[in-house]
Structures are given as C-alpha cells and as structure tokens.
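In: Predicted model and sequence below, questions to follow.
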Amino acid sequence: MIKITKPGLLTSVQDLGRYGFQKYGVITSGVMDTTAHRIANSLVGNDENEATLELTLLGPDMEFHEDTLIAICGGNLSPSIDGKPVKLWRSVLVSAGSKLKFGGCKTGCRAYLAVAGGFNVPEVMNSKSTYLRAGIGGHNGKALQNDDELSIGKPSELSEKITKVLAAKRGENKFVEMQWTISSDFISSSASKPQVRVMKGRQYDWFTTESQMKLFTEHFEVTSQSDRMGYRLKGPQLELQEKQEMLSEAVSFGTIQVPSEGNPIVLLADRQTTGGYPKIGQIATVDLSIMAQLKPGDKVQFVEVSHEVAQQLYLDREKKLHQLKQGIALKIRQESK
Amino acid sequence: MKYTIEPLGDNSLIIELGQDMSHEIQQKVKKVSSFFEEHAFDWVIETVPGFTTVAVFYDPLRIETTSLPYDEVCKFLEPLLEKLEVDDHTQPRVVEIPVCYGGEFGPDLEEVAKHNGLTEDEVIDIHSNGEYTVYMIGFAPGFPYIGGMSEKIAAPRRSNPRLKIPAGSVGIAGKQTGVYPIETPGGWQLIGKTPEKLFTPEGETPSLLQAGDQIKFVPISEEEFQKYEEDAK
C-alpha cells in the first residue's frame, strides 16, 4: 500500500487509455508520455498497459507501507527517498516505511511512477485511466488527494525475479537501485528548442502559403493555458486563405488545429473526441513523447515529415521497444541465476 | 458508395462520404460505421463517426504487409467500401426523450418564446413535434449533435453563459437543440430537462444515443418527472 502525504500539482492514475468508446463521446484519456510509461512498467515486470501514476511538474510525497519494486521514468522531478536522490529509468526496490518525495522539476514536465503489480483501482470501460472532467476511472475519478491510499496488485513472475535480484543487494539501505539502466535512445531529448516531426493535416491546403511556411520554419511557445487536453501555442499567427467552416470530425492525439484567432492548439491525451477547427498538422506518433514533456514557456520547432516516413518511424520504434522489453527480461533471468 | 480515404495520423485514417450535412450522407456514415461494427477487424481499434466522415483508428503492427500498413489497409477497404449500398429498408431507431418544459427546469423558455413572438406552449408544441436525427456524439460523453430543429424556435446563445448547467437540461442555441449529459458550463437557452440519463459510465453502452438515431421529445409534467426519477432509483 502507498499513502499520499502531499498530492503534488496534478497526480493521477493513468494507463494507455480507454479505447472503443470515442463514438459515444468518451475521451481516451491515458498517459501523456506513452514511452516513459511503457518503459517504467517494463522495468518493474508489468504489462505495459498497467496503470502508473502520472506526476506533473510538482510531484507528490508518499509513504510505502510494504517493500515495493518501483521505477520512475520521464521528466526529472528530482525524486528522493528519505533524503537520498533516486535515479530515473531504473528498477528500484524500496523498503517498507520509506518516504518518496519530489523536489523541483529539472527536465521535462511529467514523470511516471510504476509499481510492480500495478495499482488496484477498478476498471471503468476497460481502463484504469482517470477521466478528470467526467469524474470516472482512476482513484475515485479524481486527481490524488492528501491521505489517499493506493493498494498494489499482485506482482508478476518477472517482477518477483527483479525484486529478488535487488533484495540480495539491499543490505541495510532504505532502497536499492539496479546497476544497469536503459539505452539513452529512448529518453526524450531535453534540447532547449526540441524538434517535433509533423505531417500535413487534412486542411493544410486551406491555409495561406505564408502560414504553411511559418509552421515549419518558426518557433512556437507553449503558453500557460495548456493542460492534458491540449497545449495552446504562441508564435506566428496561422491564417486561412478564406474563411471556411468545417463540420466536426474525429481528431487524434497530436492533432494541431487552428481556431479563427490564428494560434494553434495541439490536442493531447484528454482531447475531445471530435473537433471543428481546421487541422493544419498532425504530430508523428514517435514524437508525441517529446511534445508531452514540454511545459509552459518551452519552445518547439515543427519539422515536416511525410505520412509514409512517420508510419515507418512508428514501426521501427515499436520494434525497438519490443526488443527493449525482451532485453530486460533476459538480463533479469541471467542475473537471478 | 462514393468515398475518399485520407490519413488522419500515422495510426488513423478518415473515410469521407460527402461535404454537407444531409440525411443522405448521414445514412452513408451510418452504413460505413455498422460495416466496421459487423466485421470487427482485429487491426481496428475503434471508429468515430462525424457529420460526413468515419474515422478509423488502427494498429499498424497488426497488419501483415511488406509495404506500408496504411497502403495495405486502403487496398483492403477500397473494394469493400465500393460495394456498400445504403439500404433504404432499415428503419432508424427511434428514442423517446421525456422532457419537463419550462419552470425551474427550463428557465429560458419565456425568453425563447418572446424572441420568436410565440407563447411558451407554442414553443413546446413546435419543439416536441419536430423530427430529429442524431448526427454524431461528441463534445462531452453522450452529447448528441442533433439536426432538424424548426427555425421558428431558434434563439441566440445567452449573452451571459451559465457556470453550471445541470445534467439532463434541454437547450437551444441558434438553430440547434441538444441535451447536456453531464453538468457543464454553457451558453445555451434552457427550455426544459429530461429525467433520462444520457451518459451511464457503468452501462454496457455508456451513451443512450448514437449517431443515426431519431429522437422524439415527449412533454411530461413535473409529477411525471419526479415519478420517473423515483422509478429509476
């Protein structure tokens, strides 16, 4: 069991999302940075869809009431256990009674905390994700509050093996980290003006040539009016050639739509199911994690990519993530011999 | 059936069946949506109907091909979509929505009547005798985009939007009418309220309505409204 002693800015239970209900207006929700979430789960021996805690900018404080295998991936929100810094992107065995705290946000915007066995919250419409606006899913449909208690599920066989390897090295320490970590290929860059690959959107041709050019040459800044639903960007105004109304249709994670005032909005995990603003672009799935780690004030540059290349990049990335998962399992098997 | 296919993202595509909001195109959208429901292809994650489109979210890893998954999907879908015909014999589902008009449930009924030079009873009469089609569900869980309201009762949005519109409120905004499934802020003119739940997260299908349904608004009294709520408990 884990007890929250300080909730942080926005801490919620999320998995890979709620699918199959968008036709009923039910948003997918789910984690913002799927790569960090999936790797965190892999490092504790979970299925990659198992729910993690998504921590935003200012992380929570919590107490562990039992020995727990965890992994923290994604943005660096300065985690420490009983005052000693904890490394990201590693399997970590925490002893019962320890306190995990987060300090300031050093890189990125969101961290993912996975625990072996996952969190015991009921599934609503096949998902553990918190749907904040409708107040369903996750822990009571809400962001975590003070004194919330989260019970932990049954760890997998692989989780037990990782725990055993770490327990042998723990000694008197409050926690022990695995010696090895994952390849830096999977860690989103923390460049000051990261590049994000974008495909032309369905209404790209509706925009002026100048606006089309600006999309791919100038920088955009994430404004403070940004949340899990979408990032409102500030930068060059994007204009239509002529005023044109469109009928609402489905949108997707990473859709860049432009309302009439000309500032683009990037739709994210809590986006509405349908939208009626022209779509100038669509972020390539492989770069969504970079986008999800941006915080207000950060700048981003969009780089054009074809749909073909974006899909190929997606297939290649999935192959690498699959290999990573197998690699972790293999390493554990060798070490536990 | 005439259509075009275009990518939405690298894991999704949009089938476009026309340009305008019309009954004919709505029928096509419904046909294509039910085609995917009936076949349940294992590479399809879900489909989302719009006014003139059906979006298909898919898993590129589940498509066996030596070329691009998107190309393979198009090659697979094209002959199937071409063969699809709208079947005129299928009757749309008619869903009756009981509405208690006016009073505290419809605080803007008087305003809507005044705006159109009608009595409150005339507004109720026109609203409850209309033929309505659900074009799509979006904006909020279970929220129906409804077509078919008479222009005789059209009214502009409130200049001062309410911070809280109770779930079940029936409203008018311009030439549209709709029902709020969950409590939300909004600027629609509220003319009544239904005791029917449009969104039930614990249900097998969480939304009472779906694209293609026909709606009938049935006026009920305040006593009937109370009784309805009691029975639902």
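Out: The structure has been received and is ready for your questions.
In: OK, contacts around residue 204?
Out: No chain was given, so I picked chain A. A:212, A:279-281 (Cβ atoms under 8 Å, 6 or more residues apart in numbering or on different chains). Where you see a C-beta, it was placed from the backbone N, CA and C, and this is true even at glycine.
In: Spell out which parts of the stretch 1-150 of chain A neighbour chain B.
Out: Residues of the stretch 1-150 of chain A lying near chain B by Cβ under 8 Å from any Cβ of the partner chain: A:19-27, A:124-125, A:133-134, A:136.
In: Need the buried ones from these selected in PyMOL.
Out: Selecting the buried subset of these in PyMOL, with 16 or more other Cβ atoms under 10 Å in any protein chain shown as the burial test, is done by:
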select buried, chain A and resi 20+21+22+23+24+25+26+27+124+125+133+134+136
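In: just checking, what packs against the longest helix seen in chain B?
Out: If you go by DSSP state H, chain B has its longest helix at helix B:23-39. If you count contacts as 3 or more Cβ pairs under 8 Å, 6 or more residues apart in numbering or on different chains; DSSP states H and E, helix B:23-39 packs onto strand B:44-49, strand B:53-58, helix B:69-83, strand B:132-137.
In: Check the offset of the second one from the chain's centre.
Out: Between the mean C-alpha location of strand B:53-58 and the chain-wide mean there is a distance of 17 Å, by Cα atoms, centre = their mean, to the nearest Å.
In: Other residues contacting stretch B:73-85?
Out: B:1, B:3, B:5, B:13, B:15, B:31-32, B:35, B:43, B:56, B:58, B:63.
In: Kindly recompute the last result at 6 Å.
Out: For stretch B:73-85, the external contacting residues (Cβ atoms under 6 Å, 6 or more residues apart in numbering or on different chains) are B:1, B:3, B:5, B:31.
In: what about burial for those residues, which qualify?
Out: Judged by 16+ other Cβ under 10 Å, buried ones among the contacts of stretch B:73-85: B:3, B:31.
In: Relative to A:Pro264, which of the contacts of stretch B:73-85 is nearest.
Out: Of all these, A:Pro264 sits closest to B:Ile5, with 25.5 Å by Cβ to Cβ.
In: Correct me if wrong, but the closest one is in a strand.
Out: Yes - B:Ile5 sits within a strand when classified using DSSP: H, G, I helix; E, B strand; the rest coil.
In: so what are the domain limits for chain B?
Out: Here the domain assignment for chain B is B:4-83, B:94-232, based on the TED database.
In: circling back to that earlier point, got JSON lines for the helices and strands packed on helix B:23-39, with distance to B:Val179 too?
Out: What follows is these, written out as JSON lines (distance: least, Cβ to Cβ, whole Å):
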{"stretch": "strand B:44-49", "distance to B:Val179": "18"}
{"stretch": "strand B:53-58", "distance to B:Val179": "23"}
{"stretch": "helix B:69-83", "distance to B:Val179": "33"}
{"stretch": "strand B:132-137", "distance to B:Val179": "10"}
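In: tell me the most buried of the ones you listed?
Out: strand B:132-137 (a mean of 26; mean count of other Cβ atoms under 10 Å in any protein chain shown).
In: Can you name the residues in contact with that one?
Out: Residues contacting strand B:132-137 (Cβ under 6 Å, 6+ apart): A:24-25, B:49-51, B:144-148, B:207, B:209, B:211, B:213-215.
In: Whichever of those end up buried, select them in ChimeraX.
Out: Buried residues among the contacts of strand B:132-137 (16+ other Cβ under 10 Å), as a ChimeraX selection:
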select /A:24,25 /B:49,50,51,144,145,146,147,148,207,209,211,213,215
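In: wait, which of the contacts of strand B:132-137 is closest to B:Pro92?
Out: The closest of these, once distances to B:Pro92 are taken by Cβ to Cβ, is B:Gln214, at 4.8 Å.
In: Run through the bridge partners of the closest one.
Out: With DSSP bridges applied, B:Gln214 shows beta-bridge pairing to B:Val94, B:Thr133.
In: does it really touch B:Glu96, like I thought?
Out: No - the criterion here is Cβ atoms under 6 Å, and B:Gln214 misses it with B:Glu96 at 9.9 Å.
In: Can you name the residues that contact the most centrally placed residue in chain B?
Out: The centroid of chain B falls nearest to B:Pro144 when counting by Cα atoms, centre = their mean (2.9 Å). When contacts are counted by Cβ under 6 Å, 6+ apart, B:Pro144 touches B:134, B:137, B:209.
In: One more pass at 8 Å, please.
Out: B:134-137, B:178-179, B:198, B:209, B:213, B:215.
In: Could you do A:Lys106 as well?
Out: Neighbours of A:Lys106 in contact, by Cβ under 8 Å, 6+ apart: A:75-78.
In: If burial is judged by neighbour count, which of the residues you listed pass?
Out: The buried subset of those - by 16+ other Cβ under 10 Å - is A:75-78.
In: Output those as a markdown table; include the columns secondary structure and pLDDT.
Out: A markdown table is the format used below for these (DSSP: H, G, I helix; E, B strand; the rest coil; pLDDT from 0 to 100):
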| residue | secondary structure | pLDDT |
| --- | --- | --- |
| A:Gly75 | strand | 96 |
| A:Asn76 | strand | 96 |
| A:Leu77 | coil | 97 |
| A:Ser78 | coil | 97 |
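In: helix/strand/coil for the residue of chain A most remote from its centre?
Out: What lies farthest from the middle of chain A is A:Glu242; by Cα atoms, centre = their mean that is 37.1 Å. Following three-state DSSP, A:Glu242 is assigned to coil.
In: Now whatever residue of the stretch 1-150 of chain A ends up closest to chain B. Nearest residue, chain neighbours left out?
Out: Of all residues in the stretch 1-150 of chain A, A:Tyr24 sits closest to chain B, at 3.5 Å by Cβ to the nearest Cβ. For A:Tyr24, ignoring the flanking residues on the chain, the nearest one in space by Cβ to Cβ, 6 or more residues apart in numbering or on different chains is B:Ser207 at 3.5 Å.
In: residues contacting that neighbour?
Out: Contacts of B:Ser207 by Cβ under 8 Å, 6+ apart are A:24-26, B:137, B:141-142, B:181, B:198-199.
In: quick revisit: with A:Val31 as the reference, measure out to the residue of the stretch 1-150 of chain A closest to chain B.
Out: For A:Tyr24, the distance to A:Val31 equals 22 Å [Cβ to Cβ, to the nearest Å].
In: One more: A:Ser42?
Out: 14 Å.
In: about what we covered before: how about the buried ones among the contacts of A:Lys106 in JSON lines, adding distance to B:Ile220?
Out: As requested, those are exported to JSON lines (distance: Cβ to Cβ, whole Å):
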{"residue": "A:Gly75", "distance to B:Ile220": "53"}
{"residue": "A:Asn76", "distance to B:Ile220": "58"}
{"residue": "A:Leu77", "distance to B:Ile220": "53"}
{"residue": "A:Ser78", "distance to B:Ile220": "59"}
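In: closest to B:Gly130 among those?
Out: Out of those, the member with the shortest distance to B:Gly130 (by Cβ to Cβ) is A:Gly75, at 51.8 Å.
In: which residue ranges form the helices in chain A?
Out: Under DSSP H, chain A gives helices at A:34-43, A:157-170, A:209-217, A:288-292, A:307-335.
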